[in-house]
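Peer 1: Sequence and predicted model, in that order:
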2 protein chains.
Amino acid sequence: MRILITGGAGFVGARLAREILKRGQLNGQSVTELVIADLFPAPADLLADPRVKGHAGPMLEQGDLFKSGFDGVFHLASAVSGECELDFDLGLRSNVDSSRLLLDSIRASGKASRMVFASSVAVFGPDAANPMPALVADDGLPTPQTSYGTHKLMIEYMVADYTRKGYIDGRSARLMTVAVRPGKPNGAASSFFSGIIREPLAGTDTTCPVDASVSHPLSSPGTTIHGLITVFEASREAIGGRMALNLPGLNVTVGQMLAALEKVAGPAVRARVKFERDERIAGIVDNWAKGCTFERAHALGLRADASFEAIIEQYIEDCKTRPGYPAEALNGLA
Amino acid sequence: MRILITGGAGFVGARLAREILKRGQLNGQSVTELVIADLFPAPADLLADPRVKGHAGPMLEQGDLFKSGFDGVFHLASAVSGECELDFDLGLRSNVDSSRLLLDSIRASGKASRMVFASSVAVFGPDAANPMPALVADDGLPTPQTSYGTHKLMIEYMVADYTRKGYIDGRSARLMTVAVRPGKPNGAASSFFSGIIREPLAGTDTTCPVDASVSHPLSSPGTTIHGLITVFEASREAIGGRMALNLPGLNVTVGQMLAALEKVAGPAVRARVKFERDERIAGIVDNWAKGCTFERAHALGLRADASFEAIIEQYIEDCKTRPGYPAEALNGLA
């Protein structure tokens, strides 16, 4: 099998690539080539694997690559929420136009590749005529309140229509916010969901830009990647329709996250987080889902992380054992 | 006011243009220029009005025109459902790419034009995981089962996001199927909803490609145009949100339509319609809404046509009095 991961040099994409390389197969078929397309070069450990081919550069310049015929595609590349709010054109180019090029290229290849599109919980939001329920189901009405969410939703509908026509075998999975991410904060408005755990564990003071009562569905990187692979491997019948499904997340408040941090790492670590409201971030997050339900993912056997403590423990374990986690990541632990 | 109608040479667009010219104003402001952009030239009676400027040609070549600064825009231009199913690329170009150019051009003009986008009841459909309710409300989950419906929905979401950003003052109104249309059948899968009334009234035998039990929401051209103007003139508060609303339609079966035809025009006229199932058309129509509800339109004071008899009577009156209706249109009446 020849597999493509767009955004494969990013945190989720690179971890997905490592997992696929470790398994060596998808759906019982050997993965002989794994192509990583990303704006940035793939991490060295991935490029060192003889099965991996890296292609760095904008997706909009990769049409020939995308036409070259893949058995499977994971489409993760995206400009993130904060970026899209600050640069409207960049968002349209990086998300909508790039995804269209990818879909049209796969169609031109004639392979009808199986494709998982990484959509987002950001498709949901409250509109004046459509208040958002406390928990949003798979079939909740998407009324995105960011350009990022709008783009993800438009791509979901393209994936469904190209699939209906038989040009791809697509399935869209809405990722919950992935935490804990290593490294530096990024341009996503959700960046603080990782920061308020990562920074104090590294021994650094940090601020939380939203109130402790803010609730949101989160998923560990391991659980997220297990979800993406499960959705890829599922039969169309098991997926049950062309519309996107919610990948499982833990519906948790910021207050519960910090209580879990204190339980796992102690009160001194917890004390490194101060609340300092950022109106821009808080305004965006206010318009996100407080939580979701996951009926269709449950039917595929997928489950959310057991607890937020378990998510923190996965991060601590990752810091000790995985590439991409800086040496000082746990300097804040006694 | 300078007003643009895309698709303004089509049946609905030209009738909208005539109505605006007759009123001479929108929202109390005088209409000084009415620009009609359409693939085809506008009808002669419109071009004869000194306020009208016609631009014939593909929308994708009209970027400079669209950037020239409009106070109001009615965006009606579209490739229709049957065409989009037969030519996937044409659909994407004519609907998605053209609408994107229009939106980006208005944004570049800096005018934040008020804009009504003519979406369609075709955004609704049954998906494996999302069966369709008997009547679909404004906030029903759109799961389009045609490329046409997919494109309309993608544009709805673009209109909402460009509006959120303040680049336009957009509102999307989902047109129900408009009947009775004059002239020849067109490429729309819904064409027969007009044909089974129009052809027998003209004295021509015709076939109905779906069963008598098929139910669908219909609206007369007059009611549809009144809806578009009302949505244009409404305040943002009255519209209540950025999501699309359903324009009122009469939920009616093909059997009820033919019974109304017999009541208005007699059994000999009714007898000119034979049932001859067309699997391609029937398959598309099977995936359309059987009926809708219209809560948000009702709140704007809009109502569906009183009966299907009234819709037929409007058509007969139009044949006698309006441009664009052929002389032989009522040859079948005794």
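Peer 2: Cool, the structure landed.

Peer 1: Let's see stretch A:138-158 as PDB, backbone CA atoms only.
Peer 2: In PDB, the C-alpha atoms belonging to stretch A:138-158 read as follows (Å, rounded to 0.1, in the frame of the first residue of the first chain):
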ATOM      1  CA  ASP A 138     -22.700  13.500  15.400                       C
ATOM      2  CA  ASP A 139     -25.800  14.900  13.700                       C
ATOM      3  CA  GLY A 140     -25.900  18.200  15.500                       C
ATOM      4  CA  LEU A 141     -26.400  21.100  13.100                       C
ATOM      5  CA  PRO A 142     -22.900  22.700  12.400                       C
ATOM      6  CA  THR A 143     -23.000  26.500  12.600                       C
ATOM      7  CA  PRO A 144     -19.300  27.300  12.700                       C
ATOM      8  CA  GLN A 145     -18.300  30.600  14.300                       C
ATOM      9  CA  THR A 146     -14.800  30.700  12.900                       C
ATOM     10  CA  SER A 147     -13.400  30.600   9.300                       C
ATOM     11  CA  TYR A 148     -11.500  27.500  10.400                       C
ATOM     12  CA  GLY A 149     -14.700  25.700  11.300                       C
ATOM     13  CA  THR A 150     -16.300  26.900   8.100                       C
ATOM     14  CA  HIS A 151     -13.500  25.500   6.000                       C
ATOM     15  CA  LYS A 152     -13.500  22.200   7.800                       C
ATOM     16  CA  LEU A 153     -17.300  21.900   7.200                       C
ATOM     17  CA  MET A 154     -17.000  22.800   3.500                       C
ATOM     18  CA  ILE A 155     -14.400  20.100   3.100                       C
ATOM     19  CA  GLU A 156     -16.600  17.600   4.900                       C
ATOM     20  CA  TYR A 157     -19.300  18.200   2.400                       C
ATOM     21  CA  MET A 158     -16.800  18.000  -0.500                       C
END
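
Peer 1: and that stretch, which residues are buried?
Peer 2: A:138-158 (16 or more other C-beta atoms under 10 Å in any protein chain shown). Any C-beta I mention is one placed from the backbone N, CA and C, and that applies to glycine too.

Peer 1: Okay, and which of the residues you listed map to helices?
Peer 2: A:147-158 (DSSP state H).

Peer 1: Who are the packing partners of the strand or helix carrying A:Gly91?
Peer 2: In the assignment (DSSP states H and E), A:Gly91 maps to helix A:88-91. Here helix A:88-91 touches helix A:81-86, helix A:147-164, going by 3 or more C-beta pairs under 8 Å, 6 or more residues apart in numbering or on different chains; DSSP states H and E.

Peer 1: The following helix or strand past it - contacts with which helices or strands?
Peer 2: For helix A:88-91, the following helix or strand on the C-terminal side (DSSP H and E) is helix A:98-109. Judged by 3+ C-beta pairs under 8 Å, 6+ apart, the packing partners of helix A:98-109 are helix A:63-66, strand A:72-75, helix A:147-164.

Peer 1: Just send these back as TSV, with mean pLDDT and distance to B:Gly241 too.
Peer 2: As requested, the helices and strands packed on helix A:98-109 are arranged in TSV below (pLDDT from 0 to 100; distance: least, C-beta to C-beta, whole Å):
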stretch	mean pLDDT	distance to B:Gly241
helix A:63-66	98	37
strand A:72-75	98	30
helix A:147-164	97	15
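
Peer 1: before we move on, the earlier item: contacts for the helix holding A:Gly91?
Peer 2: The contact list for helix A:88-91, computed with C-beta atoms under 8 Å, 6 or more residues apart in numbering or on different chains, reads A:79, A:83-85, A:147-148, A:151, B:165, B:167.

Peer 1: Looking at these, which is nearest B:His55?
Peer 2: Ranked by distance to B:His55 (C-beta to C-beta), the contacts of helix A:88-91 are led by B:Tyr167 at 22.3 Å.

Peer 1: of the buried residues of stretch A:138-158, list those near chain B.
Peer 2: A:138-141, A:143-145, A:147, A:150, A:153-154, A:157-158 (C-beta under 8 Å from any C-beta of the partner chain).

Peer 1: coming back round to it: quick one, which of the helices and strands packed on helix A:98-109 gets closest to A:Leu103.
Peer 2: helix A:147-164 (5.2 Å).

Peer 1: is the next helix-or-strand element following the closest one anywhere near chain B?
Peer 2: The first helix or strand that comes after helix A:147-164 along the chain, using DSSP H and E, is strand A:169-175. No: remark: strand A:169-175 sits outside contact range of chain B, by C-beta under 8 Å from any C-beta, the gap being at least 11.3 Å.

Peer 1: which residues are contacting strand A:169-175?
Peer 2: Counting by C-beta under 8 Å, 6+ apart, A:12, A:112-121, A:123, A:152, A:155-156, A:159-160, A:162-163, A:219, A:224, A:227-228, A:231-232, A:234, A:236, A:239, A:242-247, A:292 sit against strand A:169-175.

Peer 1: The same query, at a cut-off of 6 Å, please.
Peer 2: Strand A:169-175 is contacted by residues A:112, A:114-121, A:156, A:159, A:163, A:224, A:231, A:239, A:244-247 when judged by C-beta atoms under 6 Å, 6 or more residues apart in numbering or on different chains.

Peer 1: what residues does the stretch 51-200 of chain A put near chain B?
Peer 2: With C-beta under 6 Å from any C-beta of the partner chain as the criterion, the stretch 51-200 of chain A meets chain B at residues A:127-130, A:139, A:141, A:143, A:147, A:150, A:153-154, A:157, A:161.

Peer 1: from those, which two are the most distant?
Peer 2: Counting by C-beta to C-beta, the most remote pair of those is A:Ala128 and A:Asp161, 28.3 Å apart.

Peer 1: Who has more neighbours out of these two?
Peer 2: A:Asp161 (28 against 13; other C-beta atoms under 10 Å in any protein chain shown).

Peer 1: ok, the more buried one - contacts?
Peer 2: A:Asp161 neighbours (C-beta under 6 Å, 6+ apart): B:147, B:150.

Peer 1: Go through the ones in helices among the buried residues of stretch A:138-158 and name the one nearest B:Gly69.
Peer 2: Closest to B:Gly69, out of all of these and judged by C-beta to C-beta, is A:Ser147, at 24.1 Å.

Peer 1: and the nearest residue in space to that closest one that is not next to it in sequence, how many neighbours?
Peer 2: What sits nearest to A:Ser147 in space, not counting adjacent residues and going by C-beta to C-beta, 6 or more residues apart in numbering or on different chains, is A:Cys84, at 4.2 Å. Neighbourhood size, A:Cys84 [other C-beta under 10 Å]: 28.

Peer 1: cool, and A:Ala44?
Peer 2: 8.

Peer 1: Could you report the separation of it from A:Pro323?
Peer 2: For A:Ala44, the distance to A:Pro323 equals 8 Å [C-beta to C-beta, to the nearest Å].

Peer 1: for the closest residue to A:Ala189 other than its chain neighbours, helix, strand, or coil?
Peer 2: The shortest distance from A:Ala189 to any non-neighbouring residue, by C-beta to C-beta, 6+ apart, is to A:Ile284 (4.2 Å). Of the three states, A:Ile284 takes helix according to DSSP: H, G, I helix; E, B strand; the rest coil.

Peer 1: Same check on A:Leu218?
Peer 2: Taking three-state DSSP, the label given to A:Leu218 is strand.

Peer 1: quick one, phi/psi of the nearest residue to A:Arg2 once chain neighbours are set aside?
Peer 2: In space, and not counting its chain neighbours, A:Arg2 is closest to A:Glu33: 4.6 Å by C-beta to C-beta, 6+ apart. Dihedral pair for A:Glu33: phi -140, psi 130, per degrees, to the nearest 10.

Peer 1: And the one 3 residues further on, by the same measure?
Peer 2: Listed backbone geometry of A:Ile36 is phi -110, psi 110, with angles given as degrees, to the nearest 10.
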